[in-house]
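[1] Turn this into a structure:
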Amino acid sequence: MKDFPVPTREQVAPAAQGVFDNLQKGLGFIPNIFATIAHSPNALTNYLAFQQGQAKGAFSAEEREAVFLAVSQVNGCVYCQAAHTAIAKMNGFSEEETLQLRAGTHADPKLSVLTQLAASITTNRGRADEQLVEAFFNLGYSEGAFIDLISLVTDISFANYVHNATQVPVDFPAAPKLEAQPA
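    Numbering: from 1, shown residues only. Below is the predicted model of the structure:
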């Protein structure tokens with residue numbers, strides 16, 4: 001496999017350098033996944049704008065992290081599992097809950113259905129399990145929330161694919177392994 005370098009601020013196009021400065025200011029560092037995406041300043045700018053738009057959707061920060069963990073589990077992305085485990089903990093989840101979210105077994109029925117549906121959308125390439133779709137709507141979610149959920153799946157899948165294709169180093173503490181779930 002090609003060795004995919006993680007560029008520094010000085011190695012990216014001027015259009016991406018300002019984005020790096022904003023990330024450094026906001027996060028205190030430039031995550032390797034964003035630096036890698038910056039090989040294409042267009043992709044980085046568009047991806048970050050897309051991500052920021054998600055905060056205006058139907059889901060809370062906690063619900064978004066739940067979706068990101070579930071989808072990253074399905075896509076086998078250790079980078080995003082690590083990053084979103086750390087972010088989920090900052091949003092009040094325990095480490096055990098992050099494992100439950102990745103497995104779709106959280107005690108909160110809304111989070112359980114949300115993560116199971118996100119995983120189903122991912123696994124089945126958009127053709128979600130009809131019972132999970134029905135359970136989602138029975139919990140009071142709207143059609144707009146369903147579209148927002150698909151948008152979140154798309155958001156995190158992009159980062160999952162970038163990492164899975166490039167294998168850049170993970171710069172977050174490793175997420176705990178998820179033991180195989182009984183069928």
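
[2] give me the element the closest residue to residue 83 other than its chain neighbours is part of.
    In space, and not counting its chain neighbours, residue 83 is closest to residue 172: 4.7 Å by Cβ to Cβ, 6 or more residues apart in numbering. Placement of C-beta: from N, CA and C, glycine included. Taking DSSP states H and E as the definition, one finds residue 172 inside no helix or strand.

[3] From residue 163, how far off is residue 172?
    Computed with Cβ to Cβ, to the nearest Å, the distance linking residue 172 and residue 163 is 11 Å.

[4] more crowded one of the two?
    Neighbour tally, residue 172 and residue 163, criterion other Cβ atoms under 10 Å: the higher count belongs to residue 163, 27 against 18.

[5] ok, and what's touching the lengthiest helix in the chain?
    In terms of residue count, the longest helix belonging to the chain (DSSP state H) is helix 143-166. Applying Cβ atoms under 8 Å, 6 or more residues apart in numbering, the external contacts of helix 143-166 come out as 4, 33, 36-37, 47, 50-51, 54, 57-59, 64, 67-68, 71-72, 75-80, 84, 114, 117-118, 121-122, 126, 133, 136-137, 141.

[6] helix or strand right after the host helix or strand of residue 64?
    Following DSSP H and E, one finds residue 64 within helix 61-74. Moving toward the C-terminus from helix 61-74, the next helix or strand (DSSP H and E) is helix 78-90.

[7] That following helix vs helix 61-74, what angle?
    Going by axes from the mean of the first three to the mean of the last three Cα atoms, to 10 degrees, helix 78-90 is angled at 160 degrees with respect to helix 61-74.

[8] could I get helix 78-90 in PDB with only the CA atoms?
    The C-alpha coordinates for helix 78-90 follow below in PDB (Å, rounded to 0.1, in the frame of the first residue of the first chain):
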ATOM      1  CA  VAL A  78     -10.300   2.500  14.200                       C
ATOM      2  CA  TYR A  79      -9.400   6.200  13.700                       C
ATOM      3  CA  CYS A  80     -13.000   7.400  14.000                       C
ATOM      4  CA  GLN A  81     -13.800   4.900  16.700                       C
ATOM      5  CA  ALA A  82     -10.900   6.400  18.700                       C
ATOM      6  CA  ALA A  83     -11.700  10.100  17.900                       C
ATOM      7  CA  HIS A  84     -15.500   9.700  18.600                       C
ATOM      8  CA  THR A  85     -15.000   7.700  21.700                       C
ATOM      9  CA  ALA A  86     -13.000  10.700  23.100                       C
ATOM     10  CA  ILE A  87     -15.500  13.200  21.900                       C
ATOM     11  CA  ALA A  88     -18.400  11.100  23.200                       C
ATOM     12  CA  LYS A  89     -16.800  11.100  26.600                       C
ATOM     13  CA  MET A  90     -16.500  14.900  26.400                       C
END
